[in-house]
Every structure is written in C-alpha cells, then in structure tokens.
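Peer 1: Pasting the sequence and the predicted model now:
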Amino acid sequence: MNATTQPASVTDPAGQASNRPWLKSYPPNVPQVIEDAKIGTLNDIFRNAVTEYPNRVAAESFGKRITYTQLGRSADAVVSWLQQQGLNKGDRVAIMLPNVMAYPAILYGVLLAGGTVVNVNPLYTPRELAYQLNDSGARFLFVLENFGETVEEALPDLKLDRVILVAPGDLLGLKGVIVNFVSRHVKKAVKPFRLPKTVPFKAVLSEGARKKPQAVTVTRDDIAFLQYTGGTTGVAKGAVLLHRNVVANVLQCEAWMRPFFGEREDHVMVTALPLYHIFGLTVCSLLMTRIGGCQLLIANPRDIPGFVTTLKKSKITLLSGVNTLYNALAHAPGIREVDFSQLVFAVSGGMATQEAVAKKWKEISGQPIVEGYGLSETSPVVCANRLDIEEFTGTIGYPLPSTDVTVRANDGTILPLGERGELCVKGPQVMAGYWQRPDETARVMTQDGYLRTGDVAVILPDGQVKIVDRMKDMILVSGFNVYPNEVEDVLVRHPGVMEAAVIGLPDEQSGEAVVAYVVRKDPNLDPEELRRFCRENLTGYKVPRRIEFRETLPKTNVGKVLRRVLKDEVASNR
C-alpha cells in the first residue's frame, strides 16, 4: 500500500487545502513544486557526486578528510563484498554505528548493492536490538566494536548471516591507529566479547576491492530504508522509505535552502546529529552529498569540550542540531572562540526549540535558529522556517515545496485557518507504509491519503504552522522518541512491580524527562534497584529519570491507566 496515493474525498469547509496560503510567503527563487521527473534514486545522487565533485572533501572525522573519489572507492568495495556474500536486491542490512568515517561508505555501499538500510541506535539494549533486527529480517549487521558486547548477548535470538565489526579509526589511515588505541586502551570503550564468524571492516574493504562490483538496477520505487519508529502507538515498526520518498525530501530541502547557502564549493555541515536518526541522515548526510558538501562527523556529541575543540579547528558553514545540543554548546566553555563568520544558517528539529536557547545561540553565533518539523514517516522534513529570518519565530515555518498540510477535527473534517486540530501531511516524502503492518498503516492514513501526525497544530493566516500540543503520549527526550508503553512493559517485568504508568515532564536539559509511577508488589523494592533493571533493558534516554511509588494509579472504569489525569495531577502539585 502506498500511503501517498490513496484516493478519496474529504469535507473542506475552509478551502484550506486548495488555498495553500503558505505559497504566498515562499522566498524568491523557491519553487512551489518539485518536478516528479527529477526524483530518481539515492544511488543516482551518490554517483553524480563522485563524478561531479571527485576532489571535494566528502567527509571529515577526527581531523582526517576523504574526497568523494575515495568515498566512492570504499562504497564500491562494500558493494563487491556484499555481493560475494550473496546479498540479493531488497535484502536488509543493519548499520549500528555512531558518526564514524565508515558510516557513509557502508550506507552507500548497501544502497548501491540494491540493499535496504536498517538504521540501528548503537545504544540499544540486546532486547531492543533483537526485536528490530528480527522484525526487519536483516541478514547483515555492521556494528562498531565498542558495542560488540551488546551483539554477543543478543546473538542467540538473532538470525544474521554475518556480523561486520567496524573500528572507530577505520578509513582514517595512520590517524586511525591512534584513534583505535585511545578507544581500546585509554578510554577502554571496548568491553570483552566473543562473536564467532565476524569479519573486520578492514577485511571487507580489502576483499571487496579485489573484484569489481556488479551493476544493480535500482529504481525509485525500491525500498531504501526501514526507519524504525514508534509512530503514534508506541509499537516499534519500520517506516518504509522508498528511494523516491527520500530523494524527494532531499530535493525539497535543497530547493528551500539553496537560495540561501549558495553555490560555494567548501560547504561544511556540522554532523553531530546521529546518522541513524532520520534528521541527521537526510539533512546532514544525503543533502551534503547532493550539493557536494562535507560532513564534519562528530562521533560523540556528548563530549561537549571535545566537540567545541573540533569546531575551533573547522570553518563551518552549516549546522543542524536539536534544542539540547544548541543549549549545551551555548553554555560550553570556549564556544565564543569558535569562528562563526562563515556560518550561513543553523537549523533545528527533532524537538521543540526553546526561545531562551535560540536567543542565547544568536547572541553567540550571530545566526538565529531556524526551526523545522518532520517525522520518520516523512523522510523527514515537512515544514521549515525561511532561512532569512532575523529572529526565532516559535513556529515550524512553512510546508516545503510539493507538500500539502491540513488541520483536522477528530472526524476528519478540515478546519479553518487558526483552529486547532491534528496536523495531516501529504507529499512525495511520505512513506509507503509500515513494514509488514498494513493495519498500522491504515490507522495513520486519512481516506484521502494524508498522514496523520498525531500532533495538534494551527495554521496561521500567512501559512506558517505552529505545533501547540501532542495527541499522543510520546515523550520527547533530546529529540528522541520515548513511548510509555515500552517503558511500562519493562517496568512490570520486574517481580516487585504490580503496575506502572510513565509520563513525560518538562525538563530544562532534555526538553522532557521520563518519570515513572509504580505500584509495588514488594514493599522493599527501592527506586534505584528498579532503575538498574530498566538500564538492563532500555536505552539510556528511555530509563526513567525519576521513579515514585504510589498505592494506586488513576484509571478508567475498564481499568486503563489515565496518563493524562496523572500528568495533570502532578502538574497541579508542582
């Protein structure tokens, strides 16, 4: 089922869909639509970049740079090796890496081989990893050696053909030897593990380089990514992103941004957002390939002092981030020593940007934060502010070219401008559906083919969109989705827990914090013991920041826990 082509009709009393007031607010030279004929494949974008920009810097990591020609050779080696291992067109390949130099080579290698990329958060627990790999049917897993221990623990539950171990210093030459030594022996980031039949990434490159890869015909209707998300229900599922969906969004972003970032040959995008996150993947990596820019790969953005040191050494022109990242940088020692004179724009997404953070950032960098909005299901960008704003707007801006948005009541009726309702999206960037979950796909689509976002919004008279609330219970921690159902499921697995409810509460550092309210079976159970149990089964940002014990939880007459009542009760007592 293709979520972008469902036929039907819907009541539109305001004429909102046909008027599209945002088009009148478009910047000069930004087209209203992206030509369908120009939407090809990501493989086309990559091959064109290697041909057109052979000597430009494609990526930089730990001070080492590689050109598009060098990246092309490494990607071809990955293609050849995968083909030698029997990879067939459409097979899924998982990538479990932070932003290291090997990432782009593996990413494009898989796509050129006709494979489908399954991006995996390296911080996943064995349980989370096993679920995603099994649900996607991944045959191969590229993983940083630092997380080998996790893979070892999950391995009995996995059905993988091969595991490929990547070192942080791969593709860094002599510099990589130092990087690997520091990671393994100084920081001791690699814990002991045993993984039979694994292949080092260096062997992939050397073996793959011995044989020319076979050409694979990939069309724009083939699946490029299974991008896992909880969507609006909290059940982890893969958003099926076709080549056409992702390429369309790259072209939409380019059309929106190019009048502002120009045609210069030395663009450097600070790539601190993880490439396994759809925002970083499209806006930092794929868009840079499209324009022949450089990805400045930040492997560990949590190391703020190290991050600032890297920025001091770089002439950055573009920056993407989330509110928490901008906040951390704005308060970091030495940030005022960074040269921001070449910075064209700083964009944010993934979570709401706080006005105080935006104000502080402009005071330091001279550039306002330009906020946008998107979802894994939309490849991801739906809306963005104009890049020529002088001050932070507090809105998510305007729908991108070829994108239509409506605000709807619960019954599907399109509401007039200025009224609150669920934001619904239609455009070439909208996913084809959820992987092997037609019921979930149908649940998020309207009869006339719009994606229901689960976010409450208003459309202002000039077409700007403002998010005012969330219809779903999702918690947003530093730009990452946390779904209460998943956390509650882990909590109630503990033998000392009777029942649990999880909500998100405002937090200055992360936007929201995960808070759990628990009814105990064991009166001696203490919060720290329960948090330790959660850390064994959940990624760090999903672990409840605070756990409180209660005698009862608010419920409906059929026994469903009322999270909203609980949240309102807590808020009234703050």
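Peer 2: Now that the structure is in, tell me what you want to look at.

Peer 1: Could you check which helix or strand contains the closest residue in space to Ala384 that isn't next to it in sequence?
Peer 2: Closest residue to Ala384 apart from its sequence neighbours, by Cβ to Cβ, 6 or more residues apart in numbering: Gly372 at 3.7 Å. To be clear about C-beta, it is placed using only N, CA and C from the backbone, and glycine gets the same treatment. Using DSSP states H and E, Gly372 maps to strand 369-374.

Peer 1: And Ala442, how far from Arg408?
Peer 2: 16 Å (Cβ to Cβ, to the nearest Å).

Peer 1: Compare these two (neighbour count), which wins?
Peer 2: Arg408 (21 against 13; other Cβ atoms under 10 Å).

Peer 1: List the contacts of that one.
Peer 2: Ile414, Leu415, Gly421, Glu422, Cys424, Thr446, Arg452 (Cβ atoms under 8 Å, 6 or more residues apart in numbering).

Peer 1: correct me, but the last one touches Glu422?
Peer 2: Yes: in terms of Cβ atoms under 8 Å, Arg452 counts as a neighbour of Glu422; the distance is 5.9 Å.

Peer 1: Going by secondary structure, the closest residue to Val338 other than its chain neighbours is in what exactly?
Peer 2: Excluding the flanking residues, the one nearest Val338 by Cβ to Cβ, 6+ apart is Leu311, at 4.6 Å. Remark: Leu311 resides in helix 304-312, with elements defined by DSSP H and E.

Peer 1: Please list the residues outside that helix that contact it.
Peer 2: By Cβ under 8 Å, 6+ apart, helix 304-312 touches 270, 272, 296, 298, 300-301, 328-329, 332-335, 337-339.

Peer 1: Equivalent analysis for stretch 289-297, please.
Peer 2: With Cβ under 8 Å, 6+ apart as the criterion, stretch 289-297 contacts 45-46, 49, 52-53, 56-61, 65, 68, 99-101, 103-104, 250-251, 254, 258, 261, 265-271, 284-285, 287-288, 310, 314, 316, 318.

Peer 1: hmm, 6 Å instead?
Peer 2: With contact meaning Cβ atoms under 6 Å, 6 or more residues apart in numbering, stretch 289-297 is reached by 45-46, 49, 53, 56-57, 59-61, 99, 250, 254, 267-271, 285, 288, 314.

Peer 1: Go through these and flag which are in helices.
Peer 2: Assigned to helices by DSSP state H, the following of the contacts of stretch 289-297 qualify: Ile45, Phe46, Ala49, Val250, Glu254, Met288.

Peer 1: Which one of those is nearest to Asp135?
Peer 2: Val250 (26.5 Å; Cβ to Cβ).

Peer 1: how many neighbours does the closest one have?
Peer 2: Neighbours of Val250 (other Cβ under 10 Å): 26.

Peer 1: I'd guessed it sits against Leu286; true?
Peer 2: Yes: the criterion here is Cβ atoms under 6 Å, and Val250 meets it with Leu286 at 5.1 Å.

Peer 1: count of neighbours near Lys312?
Peer 2: Burial of Lys312, expressed as a neighbour count using other Cβ under 10 Å, amounts to 12.

Peer 1: Just say helix, strand or coil for Val458.
Peer 2: Following DSSP: H, G, I helix; E, B strand; the rest coil, the label given to Val458 is strand.

Peer 1: residues touching it, list them.
Peer 2: With Cβ under 6 Å, 6+ apart, Val458 has these contacts: Gly418, Arg420, Lys466.

Peer 1: Of these, which is the nearest to Arg210?
Peer 2: Nearest member of the contacts of Val458 to Arg210, counting by Cβ to Cβ, is Lys466, at 56.2 Å.

Peer 1: what's that closest one in contact with, if anything?
Peer 2: Thr395, Val458.

Peer 1: a strand runs through it, doesn't it?
Peer 2: Yes: checked against three-state DSSP, Lys466 lies within a strand.

Peer 1: Beta-bridge partners for it, please?
Peer 2: Counting by DSSP bridges, Lys466 forms beta bridges with Val458.

Peer 1: then the strand holding Gly372 to CSV, C-alphas only?
Peer 2: The C-alpha coordinates for strand 369-374 follow below in CSV (Å, rounded to 0.1, in the frame of the first residue of the first chain):
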residue,chain,number,x,y,z
ILE,A,369,18.0,29.1,15.0
VAL,A,370,15.8,28.2,12.0
GLU,A,371,13.3,25.6,13.2
GLY,A,372,11.7,22.9,11.1
TYR,A,373,9.5,19.9,11.6
GLY,A,374,9.3,16.3,10.4
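
Peer 1: Quick one: residues in contact with that strand.
Peer 2: Counting by Cβ under 6 Å, 6+ apart, 345-349, 353, 358, 361, 380-385, 387, 392, 396 sit against strand 369-374.

Peer 1: when you check the residues you listed against the strands, which ones overlap?
Peer 2: Judged by DSSP state E, the subset of the contacts of strand 369-374 located in strands is Phe345, Ala346, Val347, Ser348, Val381, Val382, Cys383, Ala384.

Peer 1: Tell me how many other residues surround the first one.
Peer 2: Neighbourhood size, Phe345 [other Cβ under 10 Å]: 19.

Peer 1: my read: it touches Leu387, true?
Peer 2: Yes: look at Phe345 against Leu387 with Cβ under 6 Å: they come within range, at 5.0 Å.

Peer 1: Sketch out the helices for the stretch 101-250 of the chain, chain order is fine.
Peer 2: 102-112, 126-136, 148-154, 174-181, 201-209, 243-261 (DSSP state H, counting those that start in this stretch).

Peer 1: gap between Ala224 and Val347?
Peer 2: 22 Å.

Peer 1: If you count surrounding residues, which of those two has more?
Peer 2: Between Ala224 and Val347, counted using other Cβ under 10 Å, the more crowded position is Ala224 (26 against 23).

Peer 1: That one is in contact with Ala248, isn't it?
Peer 2: No: Ala224 is beyond contact range of Ala248, at 11.4 Å (criterion: Cβ under 6 Å).

Peer 1: okay, and the common contacts of those two?
Peer 2: Common contacts of Ala224 and Ala248 (Cβ under 6 Å, 6+ apart): none found.

Peer 1: about what we covered before: in TSV: the ones in helices among the contacts of stretch 289-297, plus distance to Pro368 and pLDDT.
Peer 2: Below are these laid out as TSV (distance: Cβ to Cβ, whole Å; pLDDT from 0 to 100):
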residue	distance to Pro368	pLDDT
Ile45	29	98
Phe46	32	98
Ala49	30	98
Val250	24	98
Glu254	21	97
Met288	22	98
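
Peer 1: which one among the residues you listed gets closest to Val487?
Peer 2: Of the ones in helices among the contacts of stretch 289-297, the one sitting nearest to Val487 (Cβ to Cβ) turns out to be Val250, at 33.8 Å.

Peer 1: quick one, what contacts the closest one?
Peer 2: Counting by Cβ under 6 Å, 6+ apart, Val250 has contacts Leu286, Leu287, Arg290.

Peer 1: repeat that for 7 Å
Peer 2: Ile45, Thr282, Leu286, Leu287, Arg290 (Cβ atoms under 7 Å, 6 or more residues apart in numbering).

Peer 1: Quick check: nearest residue in space to the second one, chain neighbours excluded?
Peer 2: Computed as Cβ to Cβ, 6+ apart, the closest residue to Thr282 that is not its neighbour in sequence is Asn249, at 5.7 Å.
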